[in-house]
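S.K.: Based on what follows, work out the 3D shape:
(one chain, ligands or ions: 1)
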Amino acid sequence: MSSPRRSVDGRPAGSGAGAGGGGSHPGSPAHGSHGGSGGSKFEFQSLLSNRSPGAEPSSAWLRASESPLHRRGSFPLAPAAAPQPPPPPLPEEDCMKLNPSFLGIALRSLLAIDLWMSKRLGVCAGEKSSWGSARPLMKLLEISGHGVPWLAGTAYCLYRSDSWAGREVLVNLLFALLLDLVLVALLKGLVRRRRPSHNQMDMFFTFSVDKYSFPSGHATRAALVSRFILHHLVLAIPLRVLIVLWAFILGLSRVMLGRHNVTDVAFGFFFGYIQYSIVDYFWLSPFNIPAVFALWSHK
Ligand SMILES: CC(C)=CCC/C(C)=C/COP(=O)(O)O
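M.R.: Residues are numbered from 1 along each chain as shown. Below is the predicted model of the structure:
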């Protein structure tokens, strides 16, 4: 997905002297290329330039470290070599970089579980998948949470609305849907997480950022719209339950279709939920944006 990180000396970060690579430890020449320890870096380069052609850098270092120059006092026939002072201890934050942190391990494990679960749950990813016959139903669900029907439906209802209260709610729903489109596109463009490899990109009406999967736009919309409806429409309990179920099944269907990993959908739900709070905070009304509502005053 991303190009390998490189250490200061231009080699991949995981190899040899790079961060987290085997054998590197504070105070070693390899470690010296981090953290501005100029003396250590010089030592590393001189070791490389002294080694015989074809020799491994690590073996060069081992031999050099066992050389008389490094075993001070053990080789009396080398008086010209002045004793080297030990390299100064590295700052603690540099040492931390080389040790895989608990957070790093936890994140990598979460991602591994995420990929494994998403692959296993992607049972409708293709016609020949184990639940391939349910794919048309999943695609119907996909359309129920797509941006186009929601935007078009809201705009149409707004156009037909004949009450001020209704218009106020619909203007805000339209604002919420547009805000969601923009924020999701920004996040997708920023994170650039590829969709799962088993996904077939046969989705109806997409933007270019929709080749990325984090976060799921359907999940953000499902959470946003259902929270919006539950707050602003007076509905019987069974209908309220149905709306929550729709949002949940829509999210699940994204993973089953192979469109998303589980974390894309989980974060999508969270992000959609937060988006509603933003919309509620900036609630548009004839009092704070009279210009928008004046559009209907001629009716
Ligand atoms: C064209 C419009 C108005 C919206 C695009 C809707 C869309 C295709 C979102 C992608 O959703 P996922 O991120 O869940 O796949």
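S.K.: I'd like the next helix or strand past the longest helix along the chain.
M.R.: Assignment by DSSP state H gives helix 164-191 as the longest helix of the chain. Proceeding N to C from helix 164-191, the next assigned helix or strand is helix 217-232, under DSSP states H and E.
S.K.: what's the angle from that following helix to helix 164-191?
M.R.: Calculated by axes from the mean of the first three to the mean of the last three CA atoms, to 10 degrees, helix 217-232 forms an angle of 150 degrees with helix 164-191.
S.K.: residue contacts, the residue in the stretch 1-150 of the chain that the ligand sits nearest to?
M.R.: Among the residues of the stretch 1-150 of the chain, Gly147 lies closest to the ligand, at 2.8 Å counting by CB to the nearest ligand atom. C-beta coordinates here come from the backbone N, C-alpha and C atoms, glycine included. Counting by CB atoms under 8 Å, 6 or more residues apart in numbering, Gly147 touches 177, 180-181, 205, 217, 221.
S.K.: Quick one: name the residues of the stretch 101-250 of the chain near the ligand.
M.R.: With CB under 6 Å from any ligand atom as the criterion, the stretch 101-250 of the chain meets the ligand at residues 146-148, 151, 181, 203, 205-207, 210, 216-218.
S.K.: sorry, back to before: helices or strands next to the longest helix of the chain in the packing?
M.R.: helix 147-160, helix 217-232, helix 262-281, helix 290-293 (3 or more CB pairs under 8 Å, 6 or more residues apart in numbering; DSSP states H and E).
S.K.: got the angle for that helix vs helix 262-281?
M.R.: 140 degrees.
S.K.: which parts of helix 164-191 are buried?
M.R.: Using 16 or more other CB atoms under 10 Å as the test for burial, helix 164-191 gives 167-177, 180-181, 183-185, 187-188.
S.K.: same question, stretch 256-274
M.R.: Buried residues in stretch 256-274 (16+ other CB under 10 Å): 256-269, 271-272.
S.K.: Over to stretch 106-118?
M.R.: Ser118.
S.K.: quick one on the thing from earlier: tell me the one among the buried residues of stretch 256-274 nearest to the ligand.
M.R.: Once CB to the nearest ligand atom is applied, the member of those that ends up nearest the ligand is Arg259, at 5.0 Å.
S.K.: what about the closest one, distance to Ser213?
M.R.: Going from Arg259 to Ser213 by CB to CB, to the nearest Å gives 7 Å.
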